[in-house]
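Peer 1: give me coordinates for this.
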Amino acid sequence: MLAFSFLCYTLIIGGDDLSIKNKRKLVEILVQSESYETADSLAEQLGVSKRTIYAYLDDIEPLINQTQALLEKRPGLGTKIMGDVNAKSSLLRSVHKQSSLDFDPQERQDLLLKELLNGKRISYYDLADRFYVSRSTIVKDMKAIKKQYFPQDNILSSNNEGTLMATDERTLQSIWGRYLTAKYALVNAHPPVLLDRYGCFIEDELDLPGSFVKNILLEIEQIGSVYDLADYYRINLFESLLVMSFRILKGHHHEKSGGYVFERVTELDTYYIAYDLAARLESDLDLVYMIEDKVFINECLIANGIKNVKLGDTSEYYTDLVDDLIIKTSHMMNEDLSGDHQLREGLLHHIIPMCFRLKNGIALQNPYIHEIKKQYSMMFHLTWYVVVDLEKEWGKRIPVDEIAFLMIHFQSALERKRDIKKILIISQTGLLTTEILERRIKQYLPSVHIYEVISEEKVEQVDLDKVDLIISTVSLKFTPSVVLTLSSIPSDGELKELAAKMEDYFTNQSHQLNQSGIDDPEHPLIESLSKRLSIVRGHVQSAKEAMTRLTLPLIDNGSVTEEYLSSVFEREDMSSTAFETGIAIPHGNPAYVKETQVSILINDKKISWGDERVDVVVLISVAKADISHISLIIEPLYEVMASRSDVERLFINQSDQSIYRLFARYH
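Peer 2: Here you go, the predicted model:
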């Protein structure tokens, strides 16, 4: 019996923990089967290759034949374990017992880590009984695992029922990747260098269907060839996609990532590559990749060298098109962006495949469309004006998701061009304090940009080096290098003092807080805008009725053509122009506008408008001749509409004459 136990231990335990489990499962399948099992059937049940099945059978055959059972192989039929019930039961008991005996520490630690990664709750006492070791040995194993894979204190969660991994999907997949790399290096005495060999290893280690490795391998080889990726990048990308697909197969998806909105959206200039890759994998692997999974794929592509790819020969048509868009944006924003090569190349990278998508009816979803429209609403709407001629030329509506992608490139270029100071606000009270701070800071220091407003709980998720200054209304647990404090409900005196401190700080840092140069009081559009303003107070029941009410007088007086109303409806159908502050700013195609007009409707009650409810509607009708100066109208309007209190103060609670004076003062 001792000899059999030793043989059982040698044959079952010999190998990694996955092969141990598979050999045990193979014995179980053969014991329970009343018929012969083919290698194909066994390979499918275990999720391994036929070659691996043959190797497993060779390993377990001596073990089985040492018992009262017998492993019988018949060509053309398959394999079967022969023996009575007692013989088969004895074989199973021996295999189960011996497969848990005398693991070396590394094997035991690998098994413990995989159970944690698979979401299982483990008990030190149960593990000690299972592996026939002391509880102190399990404690040592866990210390070794923590040291190698997650030295952070917040990865594991323990209670009376046991210990489990409590972390986000991104961190968990990262640990999976580190585990696979370390395990492969341990087994093969070198890190992974060949995709096919690493793929076979991961396939067995994760019990993946063979199609996963095959299809993802083909994708990596194609991407690596097109973008000339180094072998290291190919291995890393291959591993990340396999682990993510394995987790999706188990029903786990990425959550929305933290960090600054601007930092997240500026990573999306390669998103179309990730989107197309995910679409192919969905078809090949029969999986569903959620939006955040696609965002993660995009981040993996960037991290592994895709972002730095240069365009080859590009047709003159596309280069001229991009140059024209840059000129239009430069005029609108009164900033010369023509020398920004990063902007030019980024637009070319996006517009060429965008044209293909539009021609073939392929939709590309922007995962941050809501954040973009909310935080960069002015630039988003200006971008629509930039591409309006392109829509006419192509005979296609450019979806709002694509407009948002294009906006990212223009906004990034402006960030690079202007000396805009980025301010992070850490606030506990939220909206009220935020509105006051933003309004007052812009009043005293126009060149600063409120980069983001976050709660203290989210501070750890962002990179504080990305901002120039921090303003906090709460007592922080850490001490950033540059932080100014403010009470939750600041007085005028505090805000003036804050503005003075900020100005002193930036002056000391040799920064000049100059106006961006957008205002152009000499332009004739500004001189006559107050005369082109109409105000209506009334009672309408719907968004369509409101847009019709404002547009019909413009048609009657010849300011716009009859087609203009349809273009306003079409633009609104593409994407709602309503904001959570209770104001909507619809607009139509400038091709149908003869004279620029601003029409305001102040309703007696809020009406549904997209996902919002509004009671102020500002219809902006801009003639093509005035498009390059549209920011002169939009920018001050967007400053007003950023706050509900400002909307009420400047529209709801004002007389018509006061609103006229307001526009005259702004312009």
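Peer 1: quick check: domain ranges of the protein?
Peer 2: 2-98, 105-167, 171-303, 316-414, 421-508, 524-666 (automatic domain parsing).
Peer 1: lowest average pLDDT across those domains?
Peer 2: Least confident of the domains of the chain, judged by mean pLDDT, is domain 421-508 with a mean of 68.
Peer 1: centre-most residue in this protein?
Peer 2: Residue closest to the mean C-alpha point of the chain, counted by Cα atoms, centre = their mean, is Val295 at 3.7 Å.
Peer 1: excluding chain neighbours, what is closest to it?
Peer 2: Closest residue to Val295 apart from its sequence neighbours, by Cβ to Cβ, 6 or more residues apart in numbering: Pro367 at 5.1 Å. In short, each C-beta sits where N, CA and C put it, glycine included.
Peer 1: can you tell me how far that neighbour sits from Leu406?
Peer 2: Distance, Pro367 to Leu406, using Cβ to Cβ, to the nearest Å: 15 Å.
Peer 1: coming back round to it: secondary structure element holding the residue nearest to the centre of the chain?
Peer 2: Assigned by DSSP states H and E, Val295 falls within helix 291-303.
Peer 1: show me what counts as buried in the following helix or strand past that helix.
Peer 2: Scanning forward in sequence from helix 291-303 by DSSP H and E, the next helix or strand is helix 316-333. By 16 or more other Cβ atoms under 10 Å, the buried positions in helix 316-333 come out as 321-322, 325-326, 328-333.
Peer 1: and those, which two are the farthest apart?
Peer 2: Pairwise distances across the buried residues of helix 316-333 (Cβ to Cβ) peak at 19.0 Å, for the pair Leu321 and Met333.
Peer 1: let me see the contact set for the residue nearest to Val295.
Peer 2: Applying Cβ atoms under 8 Å, 6 or more residues apart in numbering to Pro367 gives the contacts 268, 271, 291-292, 294-295.
Peer 1: Throw the residues you listed into a markdown table and include distance to Val48, thanks.
Peer 2: Putting the contacts of Pro367 into a markdown table (distance: Cβ to Cβ, whole Å) gives the following:
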| residue | distance to Val48 |
| --- | --- |
| Leu268 | 39 |
| Tyr271 | 36 |
| Ile291 | 33 |
| Glu292 | 31 |
| Lys294 | 30 |
| Val295 | 33 |
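Peer 1: who touches Met332 in this structure?
Peer 2: Contacts for Met332 (Cβ under 8 Å, 6+ apart) come out as 382, 385-386, 627-631.
Peer 1: what do you get for Val614?
Peer 2: Val614 touches 543, 578-579, 582-584, 603, 606-607, counting by Cβ under 8 Å, 6+ apart.
Peer 1: which of those fall within strands?
Peer 2: Per DSSP state E, strands hold the following members of the contacts of Val614: 583-584, 603, 606-607.
Peer 1: can you say which of those residues are buried?
Peer 2: With burial judged by 16+ other Cβ under 10 Å, the buried subset of those is 583-584, 603, 607.
Peer 1: hmm, back to that, in the helix holding Val295, what counts as buried?
Peer 2: 291-302.
Peer 1: before we move on, back to that, wait, which of the contacts of Pro367 is closest to Glu415?
Peer 2: Leu268 (14.9 Å).
Peer 1: what about the closest residue to Gly83 other than its chain neighbours, neighbour count?
Peer 2: Nearest residue to Gly83, sequence neighbours excluded (Cβ to Cβ, 6+ apart): Ala69, at 3.5 Å. Neighbourhood size, Ala69 [other Cβ atoms under 10 Å]: 23.
Peer 1: how close does Ala69 sit to Val400?
Peer 2: For Ala69, the distance to Val400 - Cβ to Cβ - is 67 Å.
Peer 1: one step back: let's have the ones in strands among the contacts of Val614 in JSON lines, adding distance to Asn557.
Peer 2: As requested, the ones in strands among the contacts of Val614 are exported to JSON lines (distance: Cβ to Cβ, whole Å):
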{"residue": "Ile583", "distance to Asn557": "25"}
{"residue": "Ala584", "distance to Asn557": "23"}
{"residue": "Asn603", "distance to Asn557": "22"}
{"residue": "Lys606", "distance to Asn557": "29"}
{"residue": "Ile607", "distance to Asn557": "25"}
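Peer 1: just flag the most distant two among the residues you listed.
Peer 2: By the measure Cβ to Cβ, Ile583 and Ile607 form the most distant pair in those, at 12.0 Å.
Peer 1: out of the contacts of Pro367, which comes closest to His253?
Peer 2: Glu292 (6.5 Å).
Peer 1: how about the secondary structure of the nearest residue to the closest one once chain neighbours are set aside?
Peer 2: Distances taken as Cβ to Cβ, 6+ apart place His254 nearest to Glu292, at 4.1 Å, with adjacent residues excluded. For His254, the assignment made with DSSP: H, G, I helix; E, B strand; the rest coil gives coil.
Peer 1: quick one: contacts for His254?
Peer 2: Listed by Cβ under 8 Å, 6+ apart, the contact set of His254 reads 169-170, 244, 290, 292-293, 295-296.
Peer 1: report the two of those residues separated the most.
Peer 2: Farthest pair in the contacts of His254 (Cβ to Cβ) is Arg170 and Met290. Separation: 13.3 Å.
Peer 1: so what does the helix or strand harbouring Asp110 touch, helix or strand wise?
Peer 2: Per DSSP H and E, Asp110 falls inside helix 105-117. Judged by 3 or more Cβ pairs under 8 Å, 6 or more residues apart in numbering; DSSP states H and E, the packing partners of helix 105-117 are helix 17-32, helix 135-149, strand 162-165, helix 169-188.
Peer 1: buried set for the following helix or strand past it?
Peer 2: Later in the chain than helix 105-117, the nearest helix or strand by DSSP H and E is helix 124-131. Judged by neighbour count using 16+ other Cβ under 10 Å, the buried positions of helix 124-131 are 124, 127-128, 131.
Peer 1: can I get those residues in a markdown table including distance to Lys496?
Peer 2: A markdown table is the format used below for these (distance: Cβ to Cβ, whole Å):
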| residue | distance to Lys496 |
| --- | --- |
| Tyr124 | 60 |
| Leu127 | 63 |
| Ala128 | 66 |
| Phe131 | 68 |
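Peer 1: for Lys359, state which of those is nearest.
Peer 2: Nearest to Lys359 among the buried residues of helix 124-131 is Leu127, at 59.3 Å by Cβ to Cβ.
Peer 1: my guess is the closest one contacts Ile138, does it?
Peer 2: Yes: in this structure Leu127 lies within contact range of Ile138 using Cβ atoms under 8 Å: 4.8 Å.
Peer 1: what's the overlap in contacts for those two?
Peer 2: With Cβ under 8 Å, 6+ apart, Leu127 and Ile138 have common neighbours Leu112.
Peer 1: Phe296 is in contact with Leu241, correct?
Peer 2: No: using Cβ under 8 Å as the test, Leu241 is too far from Phe296 to be in contact (9.8 Å).
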